[in-house]
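K.L.:
Please work out how this folds:
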Amino acid sequence: MDDDLRRLLDLLDQVDDGATVGTSVRLPVALRDAATVAARAGLLSSVTEATVRGLHSELVAVANRAVLDAHYREHPDARPQRWEIAVAAAELSGHPLAGRLDLVRRAADELARIVDDPSPDEVLAYAAGLASAA
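P.N.:
Here you go, the predicted structure:
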């Protein structure tokens, strides 16, 4: 893990320590206004809170992806195959093809020949097409 990623993770671990700093952030006007309306309606505690939560969530997601990418660089055999990711997504969403491993694997293989880096949803849609054609 490189120094920048390690520093990012350390800083994210310190977010709840109570230390804050004032800063200026340029936001799209409509986004600021929407957050203000949501706060006034009691849907958010404040625009600042929403901004902090959003930034924190994005940084956590970026850090998680970087850690996972580093792990896969060190252990390339640990990276799941495209069809395995599609099956996991199907299981999480209750997709009817979650148990059709053979069909999802075939769909992933065929789709990868015609689409650059298909998403799990694209693989499942292709698998559904294969299932309906059978």
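
K.L.:
Show me the domain layout of the protein.
P.N.:
Taking automatic domain parsing as the criterion, the chain consists of the domains 3-78, 82-133.

K.L.:
Please identify the most buried of the ones you listed.
P.N.:
The highest mean neighbour count among the domains of the chain belongs to domain 82-133 (a mean of 16), with neighbours defined as mean count of other C-beta atoms under 10 Å. From N, CA and C alone the C-beta is placed, and that goes for glycine too.

K.L.:
how far out from the middle of the chain is it?
P.N.:
In terms of C-alpha atoms, centre = their mean, to the nearest Å, the centre of domain 82-133 is set 18 Å apart from its chain centre.

K.L.:
what's the span of it from first residue to last?
P.N.:
Using C-alpha to C-alpha, to the nearest Å, the end-to-end distance of domain 82-133 comes out at 22 Å.

K.L.:
coming back round to it: could I get the domains of the chain as TSV with mean pLDDT?
P.N.:
Shown next, in TSV, are those (pLDDT from 0 to 100):
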stretch	mean pLDDT
domain 3-78	93
domain 82-133	96
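
K.L.:
helix/strand/coil for Ala131?
P.N.:
Under the three-state scheme (DSSP: H, G, I helix; E, B strand; the rest coil), the conformation of Ala131 reads as helix.
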